[in-house]
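Visitor: next input, structure requested:
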Amino acid sequence: MFKASVEYKELRLWTMKHPGFQRERIAEVVAAYFRFVMLSHRWEAMESSLHDIQDKVVFKLKAAGGLVKLQSFCKIARDAGYHWAWVDTYCIDKYNNVELQASLNSMFVWYHYSALTVVYLADVPPSSKSGALAESVWNTRGWTLPEFLAPKIIRFYQQDWSLYLDDNSPNHKESASIMKEMEDATGIDARSIIAFQPGTRDAREKLQWASTRVTTVPEDIAYSLFGIFGVHLPILYGEMKQNALGRLLQEIIAQSGDITALDWVGQPSRFNSCLPADIISYRAPPCLVPSLSEDEIESSVSSLRGAVALESTSKLYQELDRLSPPRFAHRRLHLPCIVFPVTEVRRRSGTDRDEETNTYGVEANGLHDLQITTTHKFSQARRAQQQFLLVRPWDRRLLEHLDFAELPAFADDAESLGNWSESESPLQDSPPISPVEEELDESEFHSRALQLIVRLGQPFSAFLLAQRRGGEYARIASDHHIIVQVKDMAFVHSMMDIRTVMIL
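Guide: Predicted structure coming up:
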């Protein structure tokens, strides 16, 4: 087809006139010829497939059902000067499993490198006013999220294939009014929409973006996010939604060391109890607890000087600084934690035994007493025999808040955490010397260790774990975040139970 094109003939003529032609010129012509347009749309009842149009001239087919959409889309692409157009309903052989897997794992990249992405809003009537785009069902679908974020250039078309709001600008991502509408509709700030970068950074925020989306095929709610997080995993239709979402979340945590994906409220997954059963568990904002000002931290540090032994603060700091990132192995999460053993779980009086949820009072060493409400049933016999823990999952970002003026930053992105060596296993007995210990003198080290203790003394979101017969633990889900606080931050020994807990 390229050889039959005007571009090819012009290129041949140019090379004949310029014997010392440059390869860059050829590359430019070829790249321009093969620029392509992508379609983002909501599937409708009468969609056709590849086998309905293969080896046929699209514009000669009888316009009916989904073919009307295909012909209109191709006309938009052709009139804009492009030779190639791609639409998922026709450009993927869904009966070829190898092609289907490759396509689904590549779609984000294809949309990103498209010369133009056309968004067709079948439910937005002609001459609609501002706000119609936000109300379109297109904004509720799982696959349309990456199809919207990935492209650099995008244009919205209404039901009759006229431009939304009659905006004839070449790129609707540069339209302030349309981007403001999309920001309000999706909860994604306009800067992220315009300059989105895939990756595992800010995982919790991206999961919240997807939490309102739905897909026809249950597993697609996870598969549609592979490109957004920059991960490549097998597409295994039939594995069920919890397994698909579990594999995605497992990969996010493994690549980045970011534990914010564990911040959710809802029902636990059968894949792993630390992960949610459904993406909707990320719909609520992440858990935020009040934080101290820098002046308040400095005041607390001053009050602790002399009250806390240097040896204790140094040991706590060193133990936490040497912890390895969380990791998964055989669906088991190896989670570094500060552990507070539970001494008593008692059912609150007045709770109806027939209710789906029950409220329990929980006491743990070193923590203020608290109440939790959960669908989990604590039998009296099991409470006497089973070990329970309240744990603070260790997040290395807590060290970043300290005053490291001239030390390397402890970044939480995948690149930084990916440099941890295999020798720094969570289970090893003698971790290597911390870089912090090597570069700080004793007084500076003690000061920053006290800062850490002050921050650890503030309220935090904890996990309640119950030990299982095999020795690993399971997270007990609550209907709200479990917020706890240490009784006395000067009593450092209450925070010294630092270990990697295996959670199934």
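Visitor: let me see the ranges of the strands in the stretch 351-500 of the chain.
Guide: 358-364, 370-374, 388-393, 460-467, 473-475, 482-484, 498-503 (DSSP state E, counting those that start in this stretch).
Visitor: contacts for the first one?
Guide: If you take Cβ atoms under 8 Å, 6 or more residues apart in numbering as the criterion, strand 358-364 is touched by 340-348, 351, 369-378, 388-390, 464, 484. (Each C-beta comes from the backbone N, C-alpha and C, glycine too.)
Visitor: of these, buried ones?
Guide: 340, 342, 345, 347, 370, 372-374, 376, 378, 388-390, 464, 484 (16 or more other Cβ atoms under 10 Å).
Visitor: which single one of those is nearest to Ala254?
Guide: Among these, Leu389 lies closest to Ala254 (Cβ to Cβ), at 23.1 Å.
Visitor: so how far is Thr373 from the closest one?
Guide: Per Cβ to Cβ, to the nearest Å, Leu389 is found 19 Å from Thr373.
Visitor: for Thr500, same thing?
Guide: Thr500 sits 29 Å away from Thr373, going by Cβ to Cβ.
Visitor: where's Glu24 relative to Ala31, distance?
Guide: Per Cβ to Cβ, Glu24 is found 10 Å from Ala31.
Visitor: again, but for Gln267
Guide: Between Gln267 and Ala31 the computed distance is 49 Å (Cβ to Cβ).
Visitor: these two: which has the busier surroundings?
Guide: Using other Cβ atoms under 10 Å as the criterion, Gln267 and Ala31 rank with Gln267 on top: 15 against 10.
Visitor: ok, Asp123 - contacts?
Guide: By Cβ under 8 Å, 6+ apart, the residues touching Asp123 are 42, 136-138, 159.
Visitor: what's the longest strand seen in the chain packed up against?
Guide: Determined from DSSP state E, the single longest strand within the chain is strand 332-347. Packing contacts for strand 332-347, counted by 3 or more Cβ pairs under 8 Å, 6 or more residues apart in numbering; DSSP states H and E, involve strand 327-329, strand 358-364, strand 388-393, strand 460-467, strand 498-503.
Visitor: which other residues reach the last one?
Guide: The contact list for strand 498-503 (Cβ under 8 Å, 6+ apart) reads 272-274, 316, 319-320, 323-324, 332-339, 389, 391, 394, 426-427, 465, 471-475.
Visitor: shaky segments in this structure?
Guide: Scanning the chain for pLDDT under 70 picks out 19-21, 349-355, 379-384, 401-441.
Visitor: let's see it at 50
Guide: Per-residue confidence for the chain (pLDDT under 50) gives these ranges: 404-431, 433, 437.
Visitor: center of it - which residue?
Guide: Closest residue to the average C-alpha location of the chain: Ala203 at 3.2 Å, with Cα atoms, centre = their mean.
Visitor: show me what contacts it?
Guide: 229, 252, 256, 258, 260-261.
Visitor: next one: stretch 71-90 to chain centre, how far?
Guide: Here stretch 71-90 is found 32 Å from its chain centre; the criterion is Cα atoms, centre = their mean, to the nearest Å.
Visitor: gap between the two ends of that stretch?
Guide: Taking Cα to Cα, to the nearest Å, stretch 71-90 runs 12 Å from one end to the other.
Visitor: now do the helices in the stretch 51-200 of the chain.
Guide: 66-79, 88-91, 97-112, 132-135, 144-149, 176-186, 190-194 (DSSP state H, counting those that start in this stretch).
Visitor: still on that earlier bit, now, the most widely separated pair of the buried ones among the contacts of strand 358-364?
Guide: Counting by Cβ to Cβ, the most remote pair of those is Phe340 and Arg347, 20.5 Å apart.
Visitor: so Met182 touches Ser192, yeah?
Guide: No: using Cβ atoms under 8 Å, Met182 is not in contact with Ser192, being 10.7 Å away.
Visitor: re earlier: just say which of the helices of the stretch 51-200 of the chain is most tucked in.
Guide: The highest average neighbour count among the helices of the stretch 51-200 of the chain, using mean count of other Cβ atoms under 10 Å, belongs to helix 144-149 at a mean of 23.
Visitor: got a list of contacts for it?
Guide: By Cβ under 8 Å, 6+ apart, the residues outside helix 144-149 that reach it are 38, 40, 42, 107-108, 111, 117, 119, 138, 154, 182, 186, 188, 192-193, 196, 209-210, 213, 224-225, 227-228.
Visitor: 7 Å - rerun?
Guide: Here helix 144-149 makes contact (Cβ atoms under 7 Å, 6 or more residues apart in numbering) with 40, 108, 111, 117, 138, 193, 196, 209-210, 213, 224, 227-228.
Visitor: which members of those are the farthest-apart pair?
Guide: Longest distance between any two of the contacts of helix 144-149 is 18.8 Å, between Thr117 and Ala210; criterion Cβ to Cβ.
Visitor: out of those two, which sits in the busier spot?
Guide: Thr117 (26 against 19).
Visitor: can you tell me how far the more buried one is from Gln242?
Guide: The spacing between Thr117 and Gln242, counted by Cβ to Cβ, is 31 Å.
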